[in-house]
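below is the sequence, then the predicted model.
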Amino acid sequence: MKRKNASLFGNVLMGLGLVVMVVGVGYSILNQLPQFNLPQFFAHGAILSIFVGA
């Protein structure tokens, strides 16, 4: 893999990790609000996604 392709691939992976972290934090926050009635089961996955994204 050439240096330019490796750099692009790394940037794509960092962007994907950032998106996963933001979605995980957002779901964790929304899960605390009672009016949304989101399943509690996915809250643990949302917290895990923060660490996976990092």
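Yep, it's here. The shown structure was predicted, so the numbers you read here are calculated from the model rather than taken from an experiment.

closest to the centroid, which residue in the chain?
For the chain, the residue sitting closest to the mean C-alpha position, by Cα atoms, centre = their mean, is residue 20 at 1.7 Å.

shouldn't that residue be in contact with residue 49?
Yes. Proximity of residue 20 to residue 49 meets the contact threshold set by Cβ atoms under 8 Å, at 5.2 Å. No exception for glycine: its C-beta is placed from N, CA and C like everyone else's.

average model confidence for the helix or strand hosting the residue nearest to the centre of the chain?
Applying DSSP states H and E as the criterion places residue 20 in helix 3-31. Mean pLDDT, computed over helix 3-31, is 89.

tell me the angle the following helix or strand past it makes with helix 3-31.
Past helix 3-31, heading to the C-terminal end, the next element that is a helix or strand (DSSP H and E) is helix 41-53. For helix 41-53 against helix 3-31, the angle by axes from the mean of the first three to the mean of the last three Cα atoms, to 10 degrees is 150 degrees.

and helix 41-53, what other elements does it pack with?
Helices and strands in packing contact with helix 41-53 are listed as helix 3-31; criterion 3 or more Cβ pairs under 8 Å, 6 or more residues apart in numbering; DSSP states H and E.

what packs against the helix it packs on?
Applying 3+ Cβ pairs under 8 Å, 6+ apart, one finds that helix 3-31 makes contact with helix 41-53.

state the mean pLDDT of the helix it packs on.
With pLDDT averaged residue by residue, helix 41-53 scores 76.

report the buried residues of that helix.
Neighbour-count burial for helix 41-53 flags 43, 46, 49-50, 53 (criterion: 16 or more other Cβ atoms under 10 Å).

same question, stretch 26-34
For stretch 26-34, burial by neighbour count (16+ other Cβ under 10 Å) applies to 27-28, 31.
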